[in-house]
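sharing a model that was predicted from the sequence below.
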Amino acid sequence: TPLYSSAASDVYKRQDCNNIVDLREIYIVDRSIASIEGIQYLTSVQSVYAGGNLLITTPAMPSSVRNLSLKGNQLTSLGALNAGLESLDVSFNTGLTTVGTSLPSNLQVLYALNTSIRALPTLPNSLYLLQTVGSPITCLPNIPTGAFPSWWNAGFVSDAGLGLCAVSYTHLRAHETVLD
């Protein structure tokens with residue numbers, strides 16, 4: 001069940017959603033929703049929790065969204081990720097093979113557990129939490145310097161800035177160095 005029927009005009013969606021002024025969080029979890037089309041018109045929303053639905057793809061999110069949780073859907077692709085996004089959870093979407101060609105520069109947290117993602121795009125320096133256990137990732141393009149000192153990391157790469165990094169690291173490579 002979509003938030004809006006495909007027959008609804010963009011003008012109607014925009015006018016309807018502009019009346020929702022202070023909506024900060026949306027919880028649409030385990031509701032069998034197949035589309036969240038129309039969410040881009042909710043311009044004050046900062047957190048979207050849409051896990052456990054039937055989503056295959058997502059529209060572009062409003063620029064105000066900082067936290068986006070889409071775990072446990074049937075995602076095969078993501079809409080454009082806005083520049084201000086700080087936290088993204090796409091875990092348990094076994095059809096998802098990519099998070100796109102680039103990640104937002106402000107992204108701090110990325111959960112991609114039990115997906116079909118094999119490689120990640122360049123990781124932003126702001127990233128301090130990365131969890132990809134159960135995903136067949138074989139190569140990290142870079143290890144961000146992040147906000148945490150090297151002694152804080154999970155111990156698989158010296159001088160990594162990641163505060164917590166839980167990856168399945170059989171055959172994991174970073175900067176062409178094998179990490180076993």
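On my side now, so go ahead.

what's the end-to-end length of stretch 117-124?
Start-to-end span of stretch 117-124 (C-alpha to C-alpha, to the nearest Å) is 18 Å.

also stretch 105-113?
End-to-end distance for stretch 105-113: 21 Å, by C-alpha to C-alpha.

quick one: contacts of the one helix or strand V48 maps to?
Per DSSP states H and E, V48 falls inside strand 47-49. The contact list for strand 47-49 (C-beta atoms under 8 Å, 6 or more residues apart in numbering) reads 24-29, 36, 39, 61, 65-69. Every C-beta, even on glycine, is put in place using the N, C-alpha and C of the backbone.

quick check: closest non-adjacent residue to G134.
With sequence-adjacent residues excluded and distances taken as C-beta to C-beta, 6 or more residues apart in numbering, G134 is closest to N114, at 3.8 Å.

ah, wrong one, I meant S69
With C-beta to C-beta, 6+ apart, the residue lying closest to S69 is D89, at 4.3 Å.

so what's the one you found up against?
Counted by C-beta under 8 Å, 6+ apart, D89 has contacts 51, 68-71, 109-111.

could you rerun that using 6 Å?
Applying C-beta atoms under 6 Å, 6 or more residues apart in numbering, we find D89 in contact with 69, 71, 111.

got the phi and psi for I39?
With angles defined as degrees, to the nearest 10, I39 shows backbone torsions of phi -60, psi -30.

before we move on, what about Y41?
Here Y41 shows phi and psi, under degrees, to the nearest 10, equal to phi -90, psi -10.

count the neighbours of it for me.
20 (other C-beta atoms under 10 Å).

measure it to A112 for me?
Between Y41 and A112 the distance is 28 Å, computed by C-beta to C-beta, to the nearest Å.

circling back to that earlier point, given the helix or strand just after the strand holding V48, what are its sheet partners and their directions?
Next helix or strand after strand 47-49 toward the C-terminus (DSSP H and E): strand 67-69. Paired neighbours of strand 67-69 in the sheet (DSSP bridges): strand 47-49 (parallel), strand 87-89 (parallel).

residues in contact with strand 67-69?
With contact meaning C-beta under 6 Å, 6+ apart, strand 67-69 is reached by 47-49, 51, 87-89.

could you do stretch 98-106 as well?
Here stretch 98-106 has contacts from 81, 83-86, 121, 124, 126, using C-beta under 6 Å, 6+ apart.

let's see that with 7 Å instead.
Around stretch 98-106, the neighbours that count as contacts under C-beta atoms under 7 Å, 6 or more residues apart in numbering are 78, 81-86, 90, 112, 117, 120-124, 126.

much appreciated, bye for now.
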